[in-house]
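**Q** Model the following, please.
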Amino acid sequence: MNKPEKSIQDKVPFIWHGQEYEKVLIIQNHDLHAGFTALLIYVLNGIRKAKAMNAVPVIDFNAENTPYFYDAPSGKDVFTYFFEAISPFRLSQILKWEREGKIDKNQIQYIKPQEAAKDHLHDPDRLATFWAWEKPLDKVAWMNTKRTLGREYVRKYLKPKVSIQKKVSKYIDTYFKADFIIGVHIRGTDFAYAQPTLFKTYLQKIDELLSKIKPVDYQIFVATDQEQYLENFKEHYGEKILSWNAIRSVNHIAPFRFDNVSGYQKGEDVLIDMLLLSRCHHMIKGAAAVGELALWFCDHNDITDFAIESDFNRVHYGKQESTFSRLNVDRKNITRLKLHKLRECLVRRLVASRVGMALYVRSALVRKVLKH
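**A** Below is the predicted model of the structure:
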């Protein structure tokens, strides 16, 4: 027997930004290796896809698909820990309407994992902080185009929670005292998809910039996931260095993989770093995403972009090497460095294998043992 046709009164209207839509697109995280900035890129590209198919975007970053950032006391949706909701709908509510016959199953669309992975690296129209397998002929033009698009989407859709904005404002009022503030983002730990920039290159550029600008006074706000980098900056510039009291790593394991830190703090630390970087007068950044995303939260183009001198590492995930190892951030002797690289390589290859990947997705214990 066919279902009785829904009356106008029974129909659930999907209204978004004053317009009615017939369907929703569910945006989920299909990449357990995704850090906080990658999650934001997935969100923005999901919104872009929803607009293209005339659907309302609905974000569903939950305990299963986003376990590193999930924090039960903060709620069921990881995205809304940090940002205002993109749309007024939740997946649980939508599925309830489907069970009750108020909407049809075909009104609920999903982005498949294979589709999300392919678009993240290959879609020429995607939002992105760095190119991937297809190297642009003009890197500067590519970055400028993506930055313009990113800024448009951030202005429209990424509204940090008031509580986070207050923390940023308080920090600025308390610590940003100089007439010229340089923002520095330098990525260490597990960063591997692009060529990292040497620490000494950052020092050279800072000194060149100060020599050119000749500010009356200056401060340097450093955003980094690597404790050694922050200490090295302090050795060179002393009390001129500012930083948010974020969790950092002393090895190759990124802080978002830590077990003893709440999922909320992991995300908030990165977001606050980005927002503080966006308030600096000049930004120095590499190929990593935090620095580029910070620029999407501001309008100025006073940038030293080492990403232009870098390139995407076109090798399989299991063959990539972390910045921590590649640059020997911890200054290990040759023997210890070789052993560290061997262990890191073995773990990456195991995680990248079909069996390893399946176990990594299904088991929190496996993720804990195979941190890399």
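
**Q** What does the pLDDT read for D302?
**A** Reading off the per-residue confidence, D302 sits at a pLDDT of 97.

**Q** what about it, neighbour count?
**A** 15 (other CB atoms under 10 Å). The way it works is simple: take the backbone N, C-alpha and C, and place the C-beta from them, glycine included.

**Q** excluding its backbone neighbours, what's nearest it?
**A** The shortest distance from D302 to any residue that is not its chain neighbour, by CB to CB, 6 or more residues apart in numbering, is 4.4 Å, and that residue is H282.

**Q** surely that neighbour meets V184?
**A** No - at 9.5 Å, H282 and V184 do not qualify as touching, with contact defined as CB atoms under 8 Å.

**Q** Comparing the two, which residue is more hemmed in?
**A** Neighbours per residue (other CB under 10 Å) separate H282 from V184, with V184 holding more: 27 against 20.

**Q** Can you name the residues bridging to the residue nearest to D302?
**A** The residues paired with H282 through beta bridges, assigned by DSSP bridges, are I182.

**Q** What distance do you get for it to D217?
**A** Counting by CB to CB, to the nearest Å, the gap between H282 and D217 amounts to 14 Å.

**Q** What of L203?
**A** Remark: distance between L203 and D217 (CB to CB) = 19 Å.

**Q** Can you pick out the residue with more neighbours from the two?
**A** In this comparison of L203 against D217, neighbours counted by other CB under 10 Å, the higher total goes to L203 at 14 against 10.

**Q** which residues touch the residue nearest to D302?
**A** F180, I181, I182, G183, L209, I213, D302, I303, T304 (CB atoms under 8 Å, 6 or more residues apart in numbering).

**Q** Report how many residues lie close to the third one.
**A** It refers to I182. Taking other CB under 10 Å as the definition, I182 ends up with a neighbour count of 26.

**Q** That one contacts L277, doesn't it?
**A** No - at 10.0 Å, I182 does not count as touching L277 under the criterion of CB under 8 Å.

**Q** Mutual contacts of the two, please.
**A** Residues touching both I182 and L277 comprise F221, M283, with contact defined as CB under 8 Å, 6+ apart.

**Q** distance of G75 from M143?
**A** As defined by CB to CB, G75 lies at a distance of 35 Å from M143.

**Q** Those two: which has the busier surroundings?
**A** The residue with more neighbours, out of G75 and M143, is M143; 21 against 12, by other CB under 10 Å.

**Q** now what about the helix or strand hosting that one, what contacts it?
**A** M143 is part of helix 139-157, with elements assigned from DSSP states H and E. Outside of helix 139-157, the residues that reach it under the criterion CB under 8 Å, 6+ apart are 43-44, 47-48, 86, 127-129, 131, 136, 292-293, 295-297, 299, 305, 307-308.
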